[in-house]
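Participant: Here's a sequence, model it:
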Amino acid sequence: MDVIVPEHRLIIVGSGHIALPLAKLADILGFRIILIDDNKETATKERFPMVEQIAIGELGEILDRL
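Facilitator: Presented below is the predicted three-dimensional model:
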């Protein structure tokens, strides 16, 4: 018998001052992280190297796609 454990995914909305420590903690806990924001200056791979995906644009539209 094989046990299949689903991967945990966390979608962080916004790239402000709380998002960075949250992303770091989620990474330590093994979450797959997706960051969405409408601010391309703060939602960067340099600032959030631990995230799997960064989506920039209108938040409601991005959430609908996810």
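Participant: rest of the way, CA atoms for contacts and neighbours
Facilitator: OK.
Participant: Checking the most centrally placed residue in the chain next. Helix, strand or coil?
Facilitator: In the chain, the residue lying closest to the centroid (CA atoms, centre = their mean) is I34, at 2.5 Å. Here I34 is recorded as strand under DSSP: H, G, I helix; E, B strand; the rest coil.
Participant: for it, which residues make a bridge with it?
Facilitator: I11, Q53 (DSSP bridges).
Participant: Please give me every residue in contact with it.
Facilitator: Neighbouring residues of I34 by CA atoms under 8 Å, 6 or more residues apart in numbering: 9-12, 51-55.
Participant: And the contacts of the longest helix seen in the chain?
Facilitator: Counting by DSSP state H, the longest helix found in the chain is helix 19-28. Contacts of helix 19-28 from elsewhere in the structure, counted by CA under 8 Å, 6+ apart, are 10, 12-13, 32-33, 47-48, 50-51.
Participant: One more pass at 6 Å, please.
Facilitator: Applying CA atoms under 6 Å, 6 or more residues apart in numbering, helix 19-28 has no contact partners.
Participant: Buried residues in it, which are they?
Facilitator: Using 16 or more other CA atoms under 10 Å as the test for burial, helix 19-28 gives 19-20, 23-24, 26-27.
Participant: what number of residues lie near G16?
Facilitator: G16: 12 surrounding residues under other CA atoms under 10 Å.
Participant: related to what we said a few turns ago, nearest to G60, of the buried residues of helix 19-28?
Facilitator: Of all those, A19 has the smallest distance to G60: 18.1 Å, by CA to CA.
Participant: Let me see the confidence value for the closest one.
Facilitator: Here the pLDDT value assigned to A19 is 97.
Participant: How much space separates it from V3?
Facilitator: Counting by CA to CA, to the nearest Å, the gap from A19 to V3 is 32 Å.
Participant: Over to H17?
Facilitator: For H17, the distance to V3 (CA to CA) stands at 38 Å.
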